[in-house]
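Asker: sequence and computational prediction follow.
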Amino acid sequence: MKLHKLSMALAIAGVAAISTSAFADDTHNSGFFAGVGAGYNSMNLPSSVTDTDDSGTTTYKLSSKEYMFNIHGGYLFDMGSGFDIGPMLNFAYYGPMNANITSTNDTGLAAGQNIKVNIYNFSLQAVGQYTWQSFFARVNAGEGYFMMRPNDDDFDSHNQWEPVAGLSVGYYFTPAIDVGVFYQHVFGSSHSDGDGVPRMNSVGLSVEYAFGGMNDSAN
């Protein structure tokens, strides 16, 4: 519950921060939009974990590929004075987490075996955006459904819900096309036991297309 409140507080604080620097400008970009993003992703992982069950004890060395990409789309409603709000759907892939077996007495496993765990996420987020001339700033927060899929059938898949939040700034190079820089945070676990979606931080670049194009509500 605390994580859910924190993600909502981040979104509210971001909108408030934008509003304090707002100019009297009616530029906005309401309507449907879609985009893609890619960049660096950091997972909060311990260097190693040890798992003990009825089959034996196994120690894993954990690491990750530090990249991610997303595909997203949504709709913005014009609130006037350069502000837009609306919903956004987002699909994201996070570079796989690797669990390399360093020691085991489980007869079904072997030292040196590497298990790759792909992490996917579908999320529904609320978006608040402020546009001034060709520049924009955006905050977003919501809930994501995460799917962890190992490449070895001996290991179970895992699904769980986690809050997500982020912010971005960018520039409209045309009335319909913008390029931005984004930051995203996944409120996952500290991953001290090697289970569950890890806490993650991502930064990268995004490109979007606004189907309505930039317009001025004063006109």
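Answerer: Right, received. Where do you want to start?

Asker: what stretches of the chain score poorly on pLDDT?
Answerer: 1-28, 154, 190-195, 213-219 (pLDDT under 70).

Asker: what sits against residue 56?
Answerer: Each residue near residue 56 by C-beta atoms under 8 Å, 6 or more residues apart in numbering is listed here: 104, 105, 106, 107, 109. Where you see a C-beta, it was placed from the backbone N, CA and C, and this is true even at glycine.

Asker: tell me the strands beside the helix or strand hosting residue 136, with direction?
Answerer: Using DSSP states H and E, residue 136 sits in strand 135-150. Using DSSP bridges, the strands paired with strand 135-150 are strand 114-132 (antiparallel), strand 158-172 (antiparallel).

Asker: possible to save these as JSON lines with distance to residue 67 and mean neighbour count?
Answerer: Below are the strands paired with strand 135-150 laid out as JSON lines (distance: least, C-beta to C-beta, whole Å; neighbours: other C-beta atoms under 10 Å):
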{"stretch": "strand 114-132", "distance to residue 67": "12", "mean neighbour count": "20"}
{"stretch": "strand 158-172", "distance to residue 67": "17", "mean neighbour count": "19"}
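
Asker: distance to residue 52 for those - can I get that in CSV?
Answerer: As requested, the strands paired with strand 135-150 are arranged in CSV below (distance: least, C-beta to C-beta, whole Å):
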stretch, distance to residue 52
strand 114-132, 17
strand 158-172, 18
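
Asker: tell me the contacts of residue 208?
Answerer: Contact analysis of residue 208 by C-beta under 8 Å, 6+ apart lists 33, 34, 35, 170, 177, 178, 180.

Asker: please report how far the closest residue to residue 48 other than its chain neighbours lies from residue 151.
Answerer: Nearest non-adjacent residue to residue 48, counting by C-beta to C-beta, 6 or more residues apart in numbering: residue 61, 5.0 Å away. Going from residue 61 to residue 151 by C-beta to C-beta, to the nearest Å gives 17 Å.

Asker: who has more neighbours, these two?
Answerer: residue 61 (16 against 11; other C-beta atoms under 10 Å).

Asker: given the helix or strand where residue 84 lies, what are its sheet partners and their directions?
Answerer: Residue 84 belongs to strand 83-104 when assigned by DSSP H and E. Paired with strand 83-104 in the same sheet, following DSSP bridges, are strand 56-64 (antiparallel), strand 68-80 (antiparallel), strand 114-132 (antiparallel).
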